[in-house]
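In: Need coordinates for the below:
(one chain, ligands or ions: 1)
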Amino acid sequence: MRLQTILNSCQKFKSFVYQKAEFEHSEDNKHLYITVVPRKNSKGICSGCNKLAGCYDHLPERQFEFVPLWGFSVYLRYKMRRVNCMDCGVKVESVPWSDGKQTMTKTMMQFLANWAKKLSWQETARSFNTSWHKVFSSVKYIVDWGLENRTLNDVASIGIDEIAWKKGHKYLTLVYQIDRHCIRLLWIGKERTVKTLLGFFRMFGKENTGRLQHICSDMWKAYLKVIKKKAPQALHILDRFHIVAKINKAIDEVRANEHRKMQKDGYEPILTKSRWCLLKRKENLTDKQEATLNELVKYNLQSVRAYLLKEDFHSFWEYVSSAWAEKFLERWCTRVMRSKIEPMKKVAKTIRKHKPLILNWFKAKKMFSSGIVEGLNNKVKVVTKKAYGFREFSCIEIALYHQLGKLPEPPMTHRF
Ligand SMILES: [Zn+2]
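Out: Down below sits the predicted model:
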């Protein structure tokens, strides 16, 4: 069987022909070169207006990297034509296998991008004998195409989240669609300021914003402000995941403070290795952690009292009626305020301040479990960790859209 036959069965072009295929040696490897020529009497397509136009002249031969075959790198060779377009004048033709700017074929870029979803960019480059930069351009090409061709008119619910990035309190703002029929990353922005989130609404557009019914977020002031201004019609819900996270953070602080104090005062360090038994839900504890917890409870410690308050708070989410939930919340906050545990008091104050938005969770009929945003948040952490090594925002941005954006892909006749 001829190589041209194989090529035609995976990627056939109407107006071009695969001519000859030959090996060429370089220092370290053999490469396969396939010459492509226009079909006889065919016209070129003007890259300015996509209309057919007659040939003006030929540019020097170019090489386009194709999907490797049996360990050999493969290149298409082609002399681009310049066409004489009635509307645009003399223009370089557009060819179906390349977008004109890249040295890689579209097929190769899609091939690399597909692997880059499963492997890290570095691993992808190594596996296919190419450079990190080529993998990056491939993913960027696919992501750009996807962003341009995605639809945003089916979004009714969004979740807004922030994630720490780099060291030194750098944040990214992430906006997800969290509808039952589609959960995906919609947007990423630098920082977590008013300006950041306004950037999302600018991209999203007035019409799509008008369709929003639910917005989940944490208590970050800048977000609250923008949401109120931009989408007043949507029910704004303070996300369960973030409230639980706030309480856990307070517990952590109480434990660390108390631990330090006990050590200083010369007590036995009973709080060592107690972190997870205080943070995890009781039913999720391992046997060993449960034993540690049972031991701790014997002491009259702030950490333990804070832990009990936290466990108690979980019944809040069980309420059906928002009126009863509100009563519970009030009682809980009062108890916390009397507890004299400062970090917990701070949480109670915050909760009181944002009570209406927290109670909106019941109005939304508990539609948004903390699992959705939490799950996405964890996935983002995996991607940014995997992307460790490229510190540029643009890399992280592309990697996240690629992994979590559920973006459409350019149509492909053959999957390599
Ligand atoms: Zn034209």
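
In: now the helix or strand that contains I227: how far from the chain's centre is it?
Out: Secondary structure assigned from DSSP states H and E places I227 in helix 221-230. Relative to its chain's centre, helix 221-230 lies at 22 Å (Cα atoms, centre = their mean, to the nearest Å).

In: got the contact list for that helix?
Out: Contacts with helix 221-230, where a contact means Cβ atoms under 8 Å, 6 or more residues apart in numbering, come from 160, 173, 192-194, 196-198, 201, 209, 215, 217, 234, 236, 357. All C-beta spots, glycine's among them, are computed from the backbone N, C-alpha and C.

In: out of those, which are inside strands?
Out: Mapping the contacts of helix 221-230 onto strands (DSSP state E) picks out I160, T173, I215, S217, H236.

In: Return the member of the contacts of helix 221-230 nearest to G48.
Out: Lowest distance from G48 to these (Cβ to Cβ) belongs to F201, with 34.1 Å.

In: That closest one contacts E207, correct?
Out: No. With contact defined as Cβ atoms under 8 Å, F201 does not count as touching E207 (11.6 Å).

In: Which one of those two is surrounded by more residues?
Out: F201 (19 against 9; other Cβ atoms under 10 Å).

In: what sits against that one?
Out: T209, V226, K230, A231.

In: what about the second one, how many neighbours?
Out: Close neighbours of V226, defined as other Cβ under 10 Å, add up to 22.

In: Now do the residue lying closest to it once chain neighbours are set aside against the ion, distance only.
Out: Nearest non-adjacent residue to V226, counting by Cβ to Cβ, 6 or more residues apart in numbering: L197, 4.2 Å away. Separation of L197 from the ion (Cβ to the ion, to the nearest Å): 41 Å.

In: ok, now which ones touch L197?
Out: Contact analysis of L197 by Cβ under 8 Å, 6+ apart lists I160, T173, G189, A222, Y223, V226, I227.

In: do the same with K30
Out: Taking Cβ under 8 Å, 6+ apart as the criterion, K30 is in contact with F23, E24, F72.

In: need the longest strand for the chain.
Out: strand 52-69.

In: and after that strand, which helix or strand comes next?
Out: Next helix or strand after strand 52-69 toward the C-terminus (DSSP H and E): strand 72-85.

In: Identify each buried residue in the helix or strand harbouring S137, please.
Out: Following DSSP H and E, one finds S137 within helix 132-149. For helix 132-149, the neighbour count (16 or more other Cβ atoms under 10 Å) marks 132, 134-143, 145-146 as buried.

In: From these, pick the one nearest K366.
Out: Nearest to K366 among the buried residues of helix 132-149 is G146, at 32.5 Å by Cβ to Cβ.

In: Would you map the strands across this protein?
Out: 16-25, 30-38, 44-45, 52-69, 72-85, 89-92, 157-165, 170-179, 182-190, 214-217, 235-238.

In: Nearest to the ion among these would be which one?
Out: strand 72-85 (3.3 Å; Cβ to the ion).

In: That closest one and the ion, are they touching?
Out: Yes. Contact of strand 72-85 with the ion (Cβ under 5 Å from the ion) involves C85.

In: Most proximal residue of the stretch 251-400 of the chain with respect to the ion?
Out: Nearest residue of the stretch 251-400 of the chain to the ion (Cβ to the ion) works out as I398 at 31.3 Å.

In: isn't that residue right next to V143, touching?
Out: Yes. The criterion here is Cβ under 8 Å, and I398 meets it with V143 at 5.2 Å.
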